[in-house]
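Asks: only the shape, not the letters, is given here:
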């Protein structure tokens, strides 16, 4: 993956031409290989006698699960790209479905503009907040998922591997429902089915910063073949009177807010110093402290959690379990 702006004079390589040897800038034809090396400068004598002194910033990539992952850190510290057990060894009647329209932001984006105007961290912290499911998704805006989610749960949080997880237990008319949800470093969320499909969660999503004030999401789900695509089916779950999020009026958004309204209204970067945290925010606090420890580790030259060989295979613990 190459930096967008040409190292020559800054024109966007979005308008470049992909050739066998790399990508050529439209402005003066400088040609860059996939590792950023400049291999031709057609306007210079001899095709650029000093072209080896110019290099386009670049990042190595790896394809997995139908997505492309770029590593943007020091090359000598590049960790293995994790495998997730729930996305491996598919049966003959299963497939992986990819989602690149920011479904995991929870409304507020469209296929044409999948970027949310607030920090990825707000979304990440939201995953460790089981109580908003009761209030926002079950009582305040009506039942957006399933009725059982309206039951106030007993919750325990714990550090797990290289992340934070919680176990929420609800006593319902049909028995006891235990939901386990995970966040993993650096930006992975694993939430069990909001349709309460029993068993281990089969969705993995990444919350990807665009910059400090914007983010989007990508996801992969393990699903049966020949069924309606998971993400189109899910997009109808939280509708209001048959309207999708982007079809609702401003007044309807005010009356029936979703994750987007709750998180975007915090501001593009909330001031944590203005908050008044309570016992129900324990998971948010644990996640913030975990991230802070990793930042300090990097600043001190140490290896952050989740980047060693032991993190190459992730055993997912998230899921819906019924008794």
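Replies: Sure thing, it's come through. Remember, predicted model here, so these are calculated numbers, not experimental data.
Asks: how much space separates residue 250 from residue 106?
Replies: Distance, residue 250 to residue 106, by Cβ to Cβ, to the nearest Å: 18 Å. Heads up, the C-betas are built off the backbone N, CA and C, glycines and all.
Asks: residue 306 now?
Replies: From residue 306 to residue 106 the distance is 25 Å (Cβ to Cβ).
Asks: same check on residue 164?
Replies: For residue 164 relative to residue 106 (Cβ to Cβ), the value is 20 Å.
Asks: who has more neighbours, the two?
Replies: Using other Cβ atoms under 10 Å as the criterion, residue 164 and residue 106 rank with residue 164 on top: 27 against 22.
Asks: is it fair to say the more buried one lies in a strand?
Replies: Yes - read with DSSP: H, G, I helix; E, B strand; the rest coil, residue 164 is one of the residues of a strand.
Asks: now do the contacts for it.
Replies: The contact partners of residue 164, taken as Cβ atoms under 8 Å, 6 or more residues apart in numbering, are 128, 157, 158, 182, 183, 283, 286, 287, 290.
Asks: what is it paired to in the beta sheet?
Replies: residue 159, residue 183 (DSSP bridges).
Asks: can you check the one 5 residues further on too?
Replies: Using DSSP bridges, the bridge partners assigned to residue 169 are residue 154, residue 178.
Asks: pretty sure it contacts residue 177?
Replies: Yes - using Cβ atoms under 8 Å, residue 169 is in contact with residue 177, at 7.3 Å.
Asks: so between the two, which is more surrounded?
Replies: residue 177 (21 against 15).
Asks: just the buried positions in the helix or strand of the chain with the lowest mean pLDDT, please.
Replies: Of all helical and strand segments in the chain, the minimum by mean pLDDT, DSSP states H and E falls on helix 230-234, at a mean of 76. Neighbour-count burial for helix 230-234 flags 230, 231, 234 (criterion: 16 or more other Cβ atoms under 10 Å).
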